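*Asks:* Kindly return the folded structure for what I paste below:
(one chain, ligands or ions: 3)
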Amino acid sequence: MHPREQTIFALSSGRPPSAIAVVRVSGPQAGATLTALAGKLPAARLATRTLLRDSTAQAIDDAVVLWFPGPASATGEDVAEFHVHGGRAVLASLFAALSVFEDVRAAEPGEFTRRAFENGKLDLTEAEALDDLIHADTDRQRRQALRQLKGLLGDRVRDWRTRIIEASALIEAGIDFSDEGDVSAELMAPALVKMAALLGEIEQVLAAQGRAERLRDGLVVAITGPPNVGKSTLMNQLARREVAIVSPHAGTTRDVIEVQLDLDGYPVTVIDTAGIRETDDPVEQEGVRRARARAAEADLVLWLADAPGAEHPHEATTPVWMVRNKVDLDPKKSDATDSGIGVAGEGRPMAEGQRPSNRSDFEISASRGDGLSELISALVMFAQEFFGSGEGGLIARDRQRKLLEQTAASLRRSISVAETSEELAAEDLRAAAQALGRLLGRVDVEDILDVIFREFCIGK
Ligand SMILES: Nc1nc2c(ncn2[C@@H]2O[C@H](COP(=O)(O)OP(=O)(O)OP(=O)(O)O)[C@@H](O)[C@H]2O)c(=O)[nH]1
Ligand SMILES: [K+]
Ligand SMILES: [Mg+2]
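*Replies:* Residues are numbered from 1 along each chain as shown. Ligands and ions are numbered 1, 2, ... in the order given. I've put the predicted structure just below:
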């Protein structure tokens, strides 16, 4: 039997032990397993309390079971749900009882969603959204995943694809009438109007501000600077716990240390690194090498210094904020903590060029906390700009962006060659439809042909 026709089961709730564990069974044998274990098949979609027994009539657990006959189920197949007590032994004996059945096996990762997708319950963007929703750590990630799950992108893509197929059908029909120049031109003109409108809409989505797809990975902020300036102290303050060792010895941090923060719903990874300096110690050299490498990949670098006006060595491609630490040691400022000295430039980083050469973007005391709230607000603002408003962003993944870019490129090509070659224009349109099909996880050129034959059988 093909693996896809087998019946699969898996623990769908969290790691045991837990109060309740949900085990799902999907496939043609789901009903048989439920009947065997529960004694009879319960009414559809109704929570039913029952004593589960294995094939030797041994009790497994006092459980609640649910029966979802396909296709009106999560996967589109017959689905049985066992809500048992979430103990390891309970689960082990339930799994053993299920495995007794022929063609019933433990599910592969993602296999339930895969089946839902194959049965047309979800398109690929929704399947991706489901995965994102499960892995969402912050509120903004959750909201973005929910928007995708509602099919916002999927619906747009389906609409675009239908319209491409319509334009395609017009052009293909024109090719059939290429002997009669008038008919062909009459068909091409409305096709071009459709294509131009479509291209405009896709370009608009692509140009939408911000990188909403980066919400999944989060923004990476690297703290770098010379040794002993207080990088690890700042890291601990941002994390609100002791993630990195702080000591008065220069060269304390050797490895790259990461923490995940939730900054106003934005996922932010902060990286603490080894102090950058020339050193003979091979371990510290490796730390410095890693520090530079990670900082180069970061979206934002906080260059920490303990003296005013220090220069940073970073490439200009990554934005760098100059952060002056240890202002509490500064004799003229140490007694003025309440008067807002914590920050230069009113809590907002100064624009490049606007920055006086001997001043920092921020002045803080990492150990005492001065200026930290301003620094954090500025980070939130940076994140806001980086991700865009998010609410409008339809694109949640690189994959989706790439395929939309391909679609737009094919459309553009098709429009530009339409005057000279209908065949080439039609080919580019097919490529555009295919890219959108791939976005949804369906690549079926068949339905282009369907439309052509159904709607444009002009006397043939
Ligand atoms: N006075 C004062 N001391 C600080 C401040 N921040 C950190 N320190 C002290 O500076 C020393 C170095 O701090 P760390 O956080 O270990 O500095 P680092 O930059 O991570 O050092 P390396 O990992 O060795 O490069 C420690 O003794 C801290 O207590 C500050 O704002 N004010
Ligand atoms: K140190
Ligand atoms: Mg350190």
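
*Asks:* and stretch 152-161, what's its mean pLDDT?
*Replies:* Averaging pLDDT along stretch 152-161 gives 91.

*Asks:* Give me the contacts around that stretch.
*Replies:* For stretch 152-161, contacts defined as Cβ atoms under 8 Å, 6 or more residues apart in numbering pick out 123, 125-126, 148, 198, 201-202, 205, 394-396, 400, 407, 433, 436-437, 439-440. To be clear about C-beta, it is placed using only N, CA and C from the backbone, and glycine gets the same treatment.

*Asks:* which residues of the stretch 51-200 of the chain fall in strands?
*Replies:* 59-68, 79-86, 104-106 (DSSP state E, counting those that start in this stretch).

*Asks:* could you dump those strands to TSV with mean neighbour count, distance to L11 and mean pLDDT?
*Replies:* Shown next, in TSV, are these (neighbours: other Cβ atoms under 10 Å; distance: least, Cβ to Cβ, whole Å; pLDDT from 0 to 100):
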stretch	mean neighbour count	distance to L11	mean pLDDT
strand 59-68	18	14	97
strand 79-86	22	9	97
strand 104-106	16	9	94
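
*Asks:* could those go into a markdown table alongside distance to R24?
*Replies:* Shown next, in a markdown table, are the strands of the stretch 51-200 of the chain (distance: least, Cβ to Cβ, whole Å):
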| stretch | distance to R24 |
| --- | --- |
| strand 59-68 | 9 |
| strand 79-86 | 5 |
| strand 104-106 | 11 |
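
*Asks:* nearest to M235, of the ones you listed?
*Replies:* Proximity to M235 (Cβ to Cβ) singles out strand 79-86 among the strands of the stretch 51-200 of the chain, at 36.6 Å.

*Asks:* Give me the mean pLDDT for stretch 51-58.
*Replies:* In this model, stretch 51-58 carries a mean pLDDT of 95.

*Asks:* centre of the chain versus that stretch, how much separation?
*Replies:* Computed by Cα atoms, centre = their mean, to the nearest Å, the chain-centroid distance of stretch 51-58 equals 43 Å.

*Asks:* ok, now stretch 418-429?
*Replies:* Computed by Cα atoms, centre = their mean, the separation of stretch 418-429 from the middle of its chain amounts to 36 Å.

*Asks:* what bridges to the residue nearest to L46 when sequence neighbours are not counted?
*Replies:* Nearest residue to L46, sequence neighbours excluded (Cβ to Cβ, 6 or more residues apart in numbering): L66, at 7.3 Å. Listed beta-bridge partners, L66: E81 (assigned using DSSP bridges).

*Asks:* L66 is in contact with H83, isn't it?
*Replies:* Yes: the criterion here is Cβ atoms under 8 Å, and L66 meets it with H83 at 7.5 Å.

*Asks:* tell me, what's touching these two both at once?
*Replies:* Contacts common to L66 and H83, judged by Cβ under 8 Å, 6+ apart, are A47.

*Asks:* mind listing the helices for the chain?
*Replies:* In the chain, the helices defined using DSSP state H lie at 30-38, 88-99, 111-118, 124-135, 139-149, 152-176, 181-207, 231-239, 282-297, 372-387, 398-417, 422-440, 446-455.

*Asks:* of all the residues in the chain, which ones are close to ligand 1?
*Replies:* 227-233, 246-248, 250-253, 275, 325-326, 328-329, 365-368 (Cβ under 6 Å from any ligand atom).

*Asks:* Select only the buried ones of those in ChimeraX?
*Replies:* To isolate the buried ones among the residues of the chain next to ligand 1 in ChimeraX, judged by 16 or more other Cβ atoms under 10 Å, type:
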select :227,228,229,230,231,232,233,246,251,252,253,275,325,326,328,365,366,367,368
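
*Asks:* Please list which of the residues of the chain next to ligand 1 also come close to ligand 3.
*Replies:* K231, S232, T252, T253 (Cβ under 5 Å from the ion).

*Asks:* mind putting those residues in TSV, distance to V157 and pLDDT included?
*Replies:* Below are those laid out as TSV (distance: Cβ to Cβ, whole Å; pLDDT from 0 to 100):
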residue	distance to V157	pLDDT
K231	45	96
S232	46	97
T252	51	93
T253	46	93
